[in-house]
Structure formats: structure tokens, C-alpha cells
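*Asks:* Structure, please.
(one chain, ligands or ions: 1)
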Amino acid sequence: MAEPKNYITSLELKSHSKVGDLWISIQGKLCRIEGLIDWLDSSGIVFFGFSIGWWKWNHNAYHIACNSLDFDPDLQHSPFFVVSSKFFNSITSHFYGRKMTFDSIARFLVSYQHWTYYPVMCFARINLFAQSFMLLLSKRKVPNRGQEILGLIVFWIWYPLLVSCLPNWGERLMFIIASFAVTGIQHVQFTLNHFSTSVYVGPLTGNDWFEKQTSGTLNIACASWMDWFHGGLQFQVEHHLFPRLPRCQLRKISPFVMDLCKKHNLPYNIAPFWKANVLTIRTC
Ligand SMILES: [Zn+2]
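*Replies:* Presented below is the predicted three-dimensional model:
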């Protein structure tokens, strides 16, 4: 009797490697999952309240041009924060297509950014909400725009309804602040990974992608029992070098990445959580 085929052949692999193809192989059987991912994306909006299309657009740009002051949107928080004095010269954001003018408002806010960093992080989720609306209401092509808008409508009906169930305005306000502040921990983690590392102006040149990813990224040193808290973001170097690797595998490849960086004389930045906070505040 013939052995059951439990692997995908190279021929099948070739015929399913077009742009946009998304599939998984279960015991040699191909299952297309584009539709499933689209559905998960749209239903995710109902719970998170921000556009997955915006997240992908923003996150892809950030991954490609990690820590480029004019190409990486995750470093472009003027007038609230700047991570380099180069912003004092009013850099143009190629992602947002606008000049980040370092005016008197920016000068004032930036001069207090070491104090405002944590409070602003507590409400950083508002930026995600605003960016989502701006993208979905713009003329830019957005995949599954209809489902995304529907997801946002459901979220913005559900969230106020939930808040209205609380007995008084004091408790409602406390709930809103707490719900934002909890997500603020994640925003702090996002920024710890990049704010204190090296930055540059301009696009990537030649073959420096690998160097830029390692020099612009900071890992958080932690024991494996704390992995749940950092959610994989503690292996930021590994995530940037292998963005599609599942989070549960990042710890396993970490020693190999460390060796690779050592071999090619590249930085492998890593600091404990508190030290990473100190480094970030010093940058601010
Ligand atoms: Zn990522």
C-alpha cells in the first residue's frame, strides 16, 4: 500500500507562491486561508477598535525602514516626542507625506517629554483610533474597507454601551482611564524596543537592511516565565530579522541570532526591562 503523502511537494509550493497567496499545509493537504485571515482581521477590529489595514500599512513601513527618522512612522511622534535632535530641523515624513515642522508648540512639548512620556503612553491608543478613521475615510486604497468600517461601527457602539452599564460618571471615567492605561503598557513596550537605539535619516542603502534592523532594535532581557508579559516583543531583534516566525519560536532562535551578530560584528542590543525604561527616558 502506498505511503500517505504528509508533506507539500516543491512543485505544489511553486504553484502557490504568488503574491497574496496564504495557505497552510495539513498532512500534505493545502488549505487556503486568505479568506479566514480576512475574516479574523475584520472581527479583530470589533475587539481592538482600530483598523487592521492601517496597522499592516504602518507596521510594514516600520519593519522595512526600522528607525529611519523620515521613513519609519513609529518614530514620527512630533510634536509630542522626538527621539533625535535631527527633528529640530523639521524633517519630512515620507510615510505621512508631510513636513514635521519643529514649531513653538513642538519645542514646548518636547522640552517636557521626559515628564510626559508615561502619561502620553497611557492614552497612546487614541492615536491608533484616530489613524484608523483617517485612513478609512481617506481616498487611499484599503483592502476590505467595508468590513473594516463595519467593525469600527460595532466597536464604537459596544464600547460606549459597556461604559454606560456602570452606575455613575465617576466609575465610568475610572473605567475608561484604566482601559486605556492597561494598553499603555503595550505602547511603552513598543517604544522601549526602538526609542533608545540608533537612528538615521533617509532610505536604506545597498545591503544594509540587516545592520539597520540590529542597530535600531533593543531586546528586553527576561526569564521565560515573564514571556507572557512581553508577548514576544522582548525578542525584537529576532522579530525584525524573521518577522513571520511565530512568537513561541523566538526564544529558540535567539542564541543563533546572537552568534550571527557576533560573527559579523553587529550589535545585539539587550537590556532588562527597567534599564530599557531608563535608556528611553534618557533619550527623551
Ligand atoms: Zn512587527
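*Asks:* quick one: low-confidence parts of the stretch 151-284 of the chain?
*Replies:* Applying pLDDT under 70 to the stretch 151-284 of the chain flags the ranges 206.
*Asks:* Which stretches in it count as helices?
*Replies:* 169-192, 209-215, 227-230, 236-241, 250-263, 273-283 (DSSP state H, counting those that start in this stretch).
*Asks:* buried stuff in the longest one?
*Replies:* When you say that, I think you mean helix 169-192. Buried residues in helix 169-192, counted by 16 or more other CB atoms under 10 Å: 172, 180, 183, 184, 187, 188, 189, 190, 191, 192. C-beta here means a position set from N, CA and C on the backbone, and glycine is covered the same way.
*Asks:* Over to the fifth one?
*Replies:* If you call a residue buried by 16+ other CB under 10 Å, then helix 250-263 has these buried ones: 250, 254, 257, 261.
*Asks:* gap between it and the chain center?
*Replies:* Using CA atoms, centre = their mean, to the nearest Å, the distance from the centre of helix 250-263 to the centre of the chain it belongs to is 22 Å.
*Asks:* and if you look at stretch 16-28?
*Replies:* With CA atoms, centre = their mean, you get 25 Å for stretch 16-28.
*Asks:* Which residue, other than its chain neighbours, is closest to residue 281?
*Replies:* residue 114 (5.6 Å; CB to CB, 6 or more residues apart in numbering).
*Asks:* same deal with residue 215?
*Replies:* Spatial nearest neighbour of residue 215, chain neighbours left out: residue 198 (4.7 Å); criterion: CB to CB, 6+ apart.
*Asks:* Quick check: pLDDT value at the residue nearest in space to the middle of the chain.
*Replies:* Note on the chain: the residue nearest the mean C-alpha position is residue 59, at 5.3 Å, using CA atoms, centre = their mean. According to the prediction, residue 59 has pLDDT 93.
*Asks:* name the helices or strands packed onto the strand or helix carrying it?
*Replies:* In the assignment (DSSP states H and E), residue 59 maps to helix 52-64. Packing partners of helix 52-64 (3 or more CB pairs under 8 Å, 6 or more residues apart in numbering; DSSP states H and E): helix 34-48, helix 125-136, helix 145-164.
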